[in-house]
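Visitor: Return atomic coordinates for the entry below.
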Amino acid sequence: MQKAGFSCPKVFRVPLSTFTKQASNSRDLLAKLQRQGLAVADQPKALQYLQYVGGYRLKGYWHHVVDPLTNQFPAGYAFERIADRCEFDRELRSATIEAIDRLEVAIRSTIANYLSLRHGPHWFLNSAIFKPTAKWGMGQMLQKIENEVKRDQKQKKFIAHYFKNHDDPYLPPSWSVCECVSFGLWSRTYEILRDPNDKKAISMKFAIDQPDVFRSWIHALTVLRNVVAHHGQLLKNKLGVAPCNYTKQRITFAHNQHFFAIATVIQYLLKETSLPNRWKTDLQDIFTKYPTVNTAEIGFQPNWETSPAW
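Guide: As a prediction, the model looks like this:
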């Protein structure tokens, strides 16, 4: 019953309508873009991009320059600039996934090796070393491991070998399991380790003495990995997570959700592994190859190479 003197706030909703927009073929879409003022010097090339990349995906690389009132491109704006932005983004994703691939192996190997030596090869079955949260607990962790191991049992000989020769414990040891499960599992499992000494011992393998910083960094890496693995756009986009500043090493970010922040994290962690990598060189090559793309769109300012960690 509504109390005297009180009234429920009214909720105003925009009326829904039926979607009526029709699909356009590549030629019709290109003609429309030209009517909007887009300059097209190489029509066959433009049609190839519209056909094999897709007009909707390409729109992510041009929509920011179109006048919202007139729906027109700036005078002289050429399709080649859109193509360059698309290729810049594609090459940046490719370089990123290669760098994260190196780090994923390094991080999971470090966690698995440390915990195996400290708590035994089947540490993931030991509930005493974990402090579960509402978002992640042993049940979810073990279910994920069980599902991934089962999936790989026929494909990976070392998994089949374990089950052929052992039935206790019911899962293979950590060094086998780590070859099956995703990067995301390692990030979430690190977060629920109970002993702060375990967390710090692992993070110190990468010269980070603050476990909360390491936790935020590897979580950000898992998010970025999913973005690039699913062809997500990096230009003019922000990540859904923000890696923490590491002030002890003067690594601070004006905008933690820009690509530059996670790129710096990648650089720092790669340097600490001392393993071969081309991360910085790849970025420099991409930036040089596409001079019409403003790297400030992904958070890279002039003289970024002199920033801490680089």
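Visitor: what residues does stretch 223-235 touch?
Guide: Contact with stretch 223-235 is made by 60-61, 85, 88-89, 92-93, 96-97, 100, 104, 183-184, 239-241, 259, 262, 293, 297-298, as judged by CB atoms under 8 Å, 6 or more residues apart in numbering. Every residue, glycine included, has its C-beta placed from N, CA and C.
Visitor: count of neighbours near Thr288?
Guide: 8 (other CB atoms under 10 Å).
Visitor: Same check on Asn256?
Guide: Asn256, neighbours per other CB under 10 Å, totals 19.
Visitor: so who does Leu283 touch?
Guide: By CB under 8 Å, 6+ apart, Leu283 lies in contact with Leu92, Ala95, Ala263, Phe300.
Visitor: how about 7 Å then?
Guide: Residues in contact with Leu283, defined by CB atoms under 7 Å, 6 or more residues apart in numbering, are Ala95.
Visitor: got it, and Phe206?
Guide: Phe214, Leu269, Glu272.
Visitor: what would the residues you listed look like in a markdown table with pLDDT?
Guide: Output for the contacts of Phe206, formatted as a markdown table (pLDDT from 0 to 100):
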| residue | pLDDT |
| --- | --- |
| Phe214 | 98 |
| Leu269 | 98 |
| Glu272 | 97 |
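Visitor: Quick one: buried ones out of the residues you listed?
Guide: For the contacts of Phe206, a burial check counting by 16 or more other CB atoms under 10 Å picks out Phe214, Leu269.
Visitor: Out of the contacts of Phe206, the closest to Glu179 would be?
Guide: Leu269 (20.5 Å; CB to CB).
Visitor: The closest one sits in which helix or strand?
Guide: If you go by DSSP states H and E, Leu269 is part of helix 259-273.
Visitor: Need the CA coordinates for that helix. PDB is fine.
Guide: Provided in PDB are the C-alpha atoms of helix 259-273 (Å, rounded to 0.1, in the frame of the first residue of the first chain):
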ATOM      1  CA  PHE A 259      45.800   0.500 -24.700                       C
ATOM      2  CA  PHE A 260      49.100   2.300 -23.800                       C
ATOM      3  CA  ALA A 261      48.600   1.200 -20.200                       C
ATOM      4  CA  ILE A 262      48.300  -2.500 -20.900                       C
ATOM      5  CA  ALA A 263      51.100  -2.200 -23.600                       C
ATOM      6  CA  THR A 264      53.400  -0.900 -20.900                       C
ATOM      7  CA  VAL A 265      52.400  -3.800 -18.600                       C
ATOM      8  CA  ILE A 266      53.300  -6.200 -21.500                       C
ATOM      9  CA  GLN A 267      56.600  -4.500 -22.000                       C
ATOM     10  CA  TYR A 268      57.600  -4.600 -18.300                       C
ATOM     11  CA  LEU A 269      56.600  -8.300 -17.900                       C
ATOM     12  CA  LEU A 270      58.300  -9.400 -21.100                       C
ATOM     13  CA  LYS A 271      61.600  -7.600 -20.100                       C
ATOM     14  CA  GLU A 272      61.500  -9.500 -16.700                       C
ATOM     15  CA  THR A 273      61.300 -12.900 -18.400                       C
END
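Visitor: I appreciate the help and will end here.
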